[in-house]
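*Asks:* Structure of the sequence below:
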Amino acid sequence: MAQAIRLHGFGGPEVLALEEVDLAPPGPGEVRLRQTAIGLNFIDCYHRSGLYPQPLPAGIGLEAAAVVEALGPGVAGLAPGDRVAYCLAPIGAYATHRNYPADHLVKVPDGVSDQQAASLMLQGLTAWYLLHRTYPVKAGETVLFHAAAGGVGLIACQWARHLGVRLIGTAGSPEKAELAKAHGAAEVILYRAEDVPKRVRELTGGKGVPVVYDSVGKDTWEGSLDSLAVRGLMVTFGNASGPVPPVSPGVLSAKGSLYLTRPTLFHYIGEKSERDDAAASLFDLVARGVIKTNVRQSFPLAEAAAAHRALEARQTVGSTVLLP
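*Replies:* The predicted structure follows:
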């Protein structure tokens, strides 16, 4: 019988419950998946806590690698045994088996492992849209990327280096700083010991950067704005330290006619053609060794609560997967 982590209420990691579930045959446009590796992401914590509420009871998790076991009516282009991955709703990736929309899947090529795919889809495609769509970086530019030793950060470091971009990262410890540098960050600021905006100005000849990519949220908000050049773009794409406080447009004017955006991955890969192209670009760089994945921790699916605690305590480095 299939097992899945279910939510019957919002709260801390203790609300994550492993249960046996009955699966009906896959419906029209669906496939039955046997999950092989599940990606752990901060958005999972937001769903669990209720910051991003959903009707209860509910599953949790958006990203996984899997093997197709059965096809529902009307499914074409897939066959039992195909290796696939996904990072879109419906939520419910924390499971051993599940039914899932076939057109949301991408095929995983040879040369990319299941754990790599499970850790890459959401984080890798997030790095893709940030660097190629939200603010398309250009060779020779300098950018600031917070949490550079995190899952998205380490991918972004490597991708930026490949594109000829000078990435200044932030990290919470010397060990994490060295890890970010080893993956392509040109400079890393220890945010607990250094004044981030001051150091950014020093590294950019006083100008600041044209873009800041910030998934930390409340704790880095002011410093991020103060690190931007005139007409710079503030990209706030996460809330690891809590939501950003309400913003007055006058603040953006006073700090240099700044731009502000709060993007989300799902608005960049909602179309199947764009999603397939983005995944193909990502998997190609992985297969060629340009981007090396960073699965640094794994937990059994039954220990999802422990994985959430480690993630929220910032005890993880790189990517984490749950194994069914």
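
*Asks:* shaky segments in this structure?
*Replies:* Scanning the chain for pLDDT under 70 picks out no residues.

*Asks:* ranges for the helices of it?
*Replies:* Secondary structure of the chain, counting by DSSP state H: helices at 42-49, 114-129, 151-162, 174-182, 196-203, 221-225, 249-254, 272-287, 304-312.

*Asks:* The second one - contacts with which helices or strands?
*Replies:* What it means is helix 114-129. If contacts are counted by 3 or more C-beta pairs under 8 Å, 6 or more residues apart in numbering; DSSP states H and E, helix 114-129 sits against strand 30-39, strand 64-71, strand 83-86, helix 151-162, helix 272-287, strand 295-300, strand 319-323. The way it works is simple: take the backbone N, C-alpha and C, and place the C-beta from them, glycine included.

*Asks:* okay if I get those as JSON lines plus mean neighbour count?
*Replies:* Below are these laid out as JSON lines (neighbours: other C-beta atoms under 10 Å):
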{"stretch": "strand 30-39", "mean neighbour count": "24"}
{"stretch": "strand 64-71", "mean neighbour count": "22"}
{"stretch": "strand 83-86", "mean neighbour count": "22"}
{"stretch": "helix 151-162", "mean neighbour count": "26"}
{"stretch": "helix 272-287", "mean neighbour count": "17"}
{"stretch": "strand 295-300", "mean neighbour count": "16"}
{"stretch": "strand 319-323", "mean neighbour count": "23"}
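
*Asks:* closest to Y135 out of the helices of the chain?
*Replies:* helix 114-129 (10.0 Å; C-beta to C-beta).

*Asks:* just how off-centre is that closest one within its chain?
*Replies:* In terms of C-alpha atoms, centre = their mean, to the nearest Å, the centre of helix 114-129 is found 7 Å from the chain centre.

*Asks:* quick one, domains of this protein?
*Replies:* Per automatic domain parsing, the structural domains of the chain span 2-120+272-323, 138-262.

*Asks:* and those domains as a markdown table, adding distance to A127?
*Replies:* A markdown table is the format used below for these (distance: least, C-beta to C-beta, whole Å):
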| stretch | distance to A127 |
| --- | --- |
| domain 2-120+272-323 | 8 |
| domain 138-262 | 4 |
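
*Asks:* Tabulate the helices and strands packed on helix 114-129 (a markdown table), appending distance to L16.
*Replies:* Formatted as a markdown table, the helices and strands packed on helix 114-129 follow (distance: least, C-beta to C-beta, whole Å):
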| stretch | distance to L16 |
| --- | --- |
| strand 30-39 | 13 |
| strand 64-71 | 16 |
| strand 83-86 | 21 |
| helix 151-162 | 20 |
| helix 272-287 | 28 |
| strand 295-300 | 11 |
| strand 319-323 | 11 |
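
*Asks:* what's the closest of these to S227?
*Replies:* Judging the helices and strands packed on helix 114-129 by C-beta to C-beta, what sits closest to S227 is helix 151-162, at 16.0 Å.

*Asks:* Please write out the alpha-carbon positions of the closest one in CSV.
*Replies:* Only the C-alpha atoms of helix 151-162 are listed here, as CSV (Å, rounded to 0.1, in the frame of the first residue of the first chain):
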residue,chain,number,x,y,z
GLY,A,151,20.2,24.7,-2.5
VAL,A,152,19.3,27.5,-4.9
GLY,A,153,22.3,29.5,-4.1
LEU,A,154,24.9,26.8,-5.0
ILE,A,155,23.2,26.3,-8.3
ALA,A,156,23.1,30.0,-8.9
CYS,A,157,26.8,30.4,-8.1
GLN,A,158,27.7,27.8,-10.7
TRP,A,159,25.3,29.1,-13.3
ALA,A,160,26.5,32.7,-12.8
ARG,A,161,30.1,31.7,-13.2
HIS,A,162,29.2,29.8,-16.4
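
*Asks:* what's in contact with it?
*Replies:* For helix 151-162, contacts defined as C-beta atoms under 8 Å, 6 or more residues apart in numbering pick out 41, 119-120, 123-124, 126-128, 130-131, 137, 143, 145-148, 166-167, 169, 179-180, 183-185, 213, 215, 285, 290-292, 294, 318-320.

*Asks:* still on that earlier bit, now the helices of the chain in a markdown table, please, with extra columns for distance to Y86.
*Replies:* A markdown table is the format used below for the helices of the chain (distance: least, C-beta to C-beta, whole Å):
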| stretch | distance to Y86 |
| --- | --- |
| helix 42-49 | 14 |
| helix 114-129 | 7 |
| helix 151-162 | 17 |
| helix 174-182 | 28 |
| helix 196-203 | 35 |
| helix 221-225 | 31 |
| helix 249-254 | 36 |
| helix 272-287 | 9 |
| helix 304-312 | 18 |
